[in-house]
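Peer 1: just coords:
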(Lines give C-alpha, C1' and ligand atoms only; values in the text may rest on other atoms or scores of the structure.)
Protein backbone atom coordinates (compact mmCIF):
# COMPACT_ATOMS: atom_id res chain seq x y z
CA UNK A 1 0.00 0.00 0.00
CA UNK A 2 1.17 3.52 -0.75
CA UNK A 3 1.53 6.07 2.07
CA UNK A 4 -1.69 7.90 1.14
CA UNK A 5 -3.67 4.65 1.15
CA UNK A 6 -2.23 3.60 4.53
CA UNK A 7 -3.04 6.97 6.13
CA UNK A 8 -6.55 7.04 4.72
CA UNK A 9 -7.25 3.49 5.88
CA UNK A 10 -5.95 4.19 9.40
CA UNK A 11 -7.81 7.46 9.92
CA UNK A 12 -10.94 6.95 7.82
CA UNK A 13 -11.61 3.25 8.47
CA UNK A 14 -10.41 2.84 12.07
CA UNK A 15 -10.78 -0.34 14.10
CA UNK A 16 -10.49 -0.63 17.87
CA UNK A 17 -7.45 -2.92 17.63
CA UNK A 18 -5.20 -4.44 14.98
CA UNK A 19 -3.06 -7.57 14.89
CA UNK A 20 0.68 -7.00 15.00
CA UNK A 21 0.90 -7.69 11.27
CA UNK A 22 -1.96 -5.28 10.48
CA UNK A 23 -0.37 -2.58 12.64
CA UNK A 24 3.04 -3.06 11.07
CA UNK A 25 1.55 -2.94 7.57
CA UNK A 26 0.73 0.75 8.08
CA UNK A 27 4.51 1.26 8.07
CA UNK A 28 5.56 -1.47 5.61
CA UNK A 29 7.02 -3.42 8.53
CA UNK A 30 4.57 -6.23 9.32
CA UNK A 31 4.67 -7.39 12.90
CA UNK A 32 7.97 -5.78 13.88
CA UNK A 33 7.15 -2.21 14.90
CA UNK A 34 4.82 -2.82 17.85
CA UNK A 35 4.87 -4.82 21.04
CA UNK A 36 1.63 -6.57 21.80
CA UNK A 37 -0.27 -4.37 24.21
CA UNK A 38 -3.18 -6.67 24.85
CA UNK A 39 -4.23 -10.13 23.90
CA UNK A 40 -7.55 -10.87 22.25
CA UNK A 41 -8.43 -14.58 22.45
CA UNK A 42 -9.99 -14.67 18.98
CA UNK A 43 -7.21 -12.68 17.24
CA UNK A 44 -4.08 -12.97 19.38
CA UNK A 45 -1.80 -10.02 20.24
CA UNK A 46 -3.40 -6.68 19.44
CA UNK A 47 -2.32 -3.05 19.04
CA UNK A 48 -4.73 -0.24 19.85
CA UNK A 49 -5.70 2.19 17.09
CA UNK A 50 -4.36 5.08 19.17
CA UNK A 51 -0.90 3.54 19.38
CA UNK A 52 -0.73 3.20 15.60
CA UNK A 53 -1.92 6.78 15.11
CA UNK A 54 0.64 8.05 17.61
CA UNK A 55 3.40 6.21 15.76
CA UNK A 56 2.14 7.63 12.45
CA UNK A 57 2.13 11.16 13.88
CA UNK A 58 5.64 10.82 15.29
CA UNK A 59 7.20 9.14 12.27
CA UNK A 60 5.76 11.30 9.48
CA UNK A 61 5.32 15.05 9.08
CA UNK A 62 1.78 16.14 9.95
CA UNK A 63 1.65 18.01 6.63
CA UNK A 64 2.04 14.69 4.78
CA UNK A 65 -0.74 13.09 6.82
CA UNK A 66 -3.02 16.06 6.13
CA UNK A 67 -2.26 15.88 2.41
CA UNK A 68 -3.03 12.16 2.38
CA UNK A 69 -6.35 12.76 4.14
CA UNK A 70 -7.30 15.61 1.81
CA UNK A 71 -10.68 17.16 2.62
CA UNK A 72 -11.30 14.46 5.24
CA UNK A 73 -8.55 15.91 7.46
CA UNK A 74 -11.04 18.45 8.80
CA UNK A 75 -13.30 15.60 9.92
CA UNK A 76 -10.76 13.36 11.64
CA UNK A 77 -8.10 15.70 13.04
CA UNK A 78 -8.73 18.16 15.87
CA UNK A 79 -9.00 21.68 14.38
CA UNK A 80 -6.11 23.05 16.42
CA UNK A 81 -3.87 20.16 15.37
CA UNK A 82 -4.19 21.20 11.72
CA UNK A 83 -1.14 22.90 10.30
CA UNK A 84 -1.01 26.57 9.37
CA UNK A 85 1.52 28.40 7.26
CA UNK A 86 3.71 30.89 9.13
CA UNK A 87 6.77 32.97 8.38
CA UNK A 88 9.58 33.04 10.93
CA UNK A 89 13.02 34.58 10.99
CA UNK A 90 15.90 32.34 11.99
CA UNK A 91 19.65 32.58 11.65
CA UNK A 92 20.81 31.35 8.27
CA UNK A 93 23.10 28.76 9.86
CA UNK A 94 20.11 27.22 11.71
CA UNK A 95 18.17 26.98 8.47
CA UNK A 96 21.12 25.26 6.78
CA UNK A 97 21.32 22.74 9.62
CA UNK A 98 17.55 22.16 9.50
CA UNK A 99 17.73 21.66 5.74
CA UNK A 100 20.57 19.17 6.09
CA UNK A 101 18.80 17.21 8.83
CA UNK A 102 15.54 17.23 6.87
CA UNK A 103 17.26 15.83 3.78
CA UNK A 104 18.68 13.02 5.91
CA UNK A 105 15.11 12.12 6.93
CA UNK A 106 13.68 12.59 3.45
CA UNK A 107 11.59 15.50 4.74
CA UNK A 108 11.30 19.19 3.89
CA UNK A 109 13.01 21.68 6.20
CA UNK A 110 9.69 23.22 7.24
CA UNK A 111 8.40 19.76 8.23
CA UNK A 112 11.43 19.24 10.45
CA UNK A 113 11.06 22.66 12.08
CA UNK A 114 7.34 22.06 12.64
CA UNK A 115 8.13 18.66 14.17
CA UNK A 116 10.66 20.23 16.52
CA UNK A 117 8.23 22.97 17.55
CA UNK A 118 5.40 20.53 18.20
CA UNK A 119 7.52 18.03 20.15
CA UNK A 120 6.93 17.16 23.78
CA UNK A 121 8.00 20.64 24.93
CA UNK A 122 5.25 22.18 22.85
CA UNK A 123 2.70 19.82 24.41
CA UNK A 124 3.14 21.03 28.01
CA UNK A 125 0.27 23.44 28.49
CA UNK A 126 -1.01 25.55 31.38
CA UNK A 127 -4.40 24.26 32.56
CA UNK A 128 -6.17 27.57 31.90
CA UNK A 129 -5.08 27.71 28.26
CA UNK A 130 -8.24 25.78 27.27
CA UNK A 131 -10.31 28.77 28.41
CA UNK A 132 -8.53 31.09 25.96
CA UNK A 133 -8.20 28.51 23.16
CA UNK A 134 -11.09 26.03 23.25
CA UNK A 135 -10.05 22.72 21.73
CA UNK A 136 -6.32 23.08 22.41
CA UNK A 137 -6.30 20.29 24.98
CA UNK A 138 -7.89 17.82 22.55
CA UNK A 139 -5.45 18.85 19.83
CA UNK A 140 -2.37 18.38 22.00
CA UNK A 141 -3.56 15.04 23.41
CA UNK A 142 -4.69 13.56 20.07
CA UNK A 143 -5.22 10.61 19.61
CA UNK A 144 -5.85 10.34 23.36
CA UNK A 145 -8.35 13.18 23.70
CA UNK A 146 -11.11 11.02 25.22
CA UNK A 147 -10.12 7.87 27.04
CA UNK A 148 -13.66 6.48 26.74
CA UNK A 149 -13.58 6.37 22.94
CA UNK A 150 -11.46 3.65 21.37
CA UNK A 151 -11.62 5.02 17.82
CA UNK A 152 -13.00 8.23 16.31
CA UNK A 153 -16.44 8.53 14.88
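Peer 2: Yep, that arrived. All values reported here derive from a predicted model rather than from experimental measurement.

Peer 1: grab the nearest non-local neighbour of the spatially most central residue of the chain.
Peer 2: By C-alpha atoms, centre = their mean, the mean C-alpha position of the chain lies nearest to residue 57, the distance being 1.8 Å. Nearest residue to residue 57 in three dimensions, chain neighbours excluded: residue 65, at 7.0 Å (C-beta to C-beta, 6 or more residues apart in numbering). Quick note: C-beta positions are derived from backbone N, CA and C, even for glycine.

Peer 1: pull the number of nearby residues for the one you found.
Peer 2: Residue 65: 23 surrounding residues under other C-beta atoms under 10 Å.

Peer 1: residue 97 is in what secondary structure piece?
Peer 2: Using DSSP states H and E, residue 97 sits within helix 92-105.

Peer 1: which other helices and strands contact that helix?
Peer 2: Packing partners of helix 92-105 (3 or more C-beta pairs under 8 Å, 6 or more residues apart in numbering; DSSP states H and E): helix 109-117.

Peer 1: buried set for stretch 6-25?
Peer 2: Neighbour counts over stretch 6-25 (16 or more other C-beta atoms under 10 Å) mark 6-8, 10-11, 14, 17-20, 22-25 as buried.

Peer 1: does residue 15 touch residue 50 like I think?
Peer 2: No. Using C-beta atoms under 8 Å, residue 15 is not in contact with residue 50, being 11.5 Å away.
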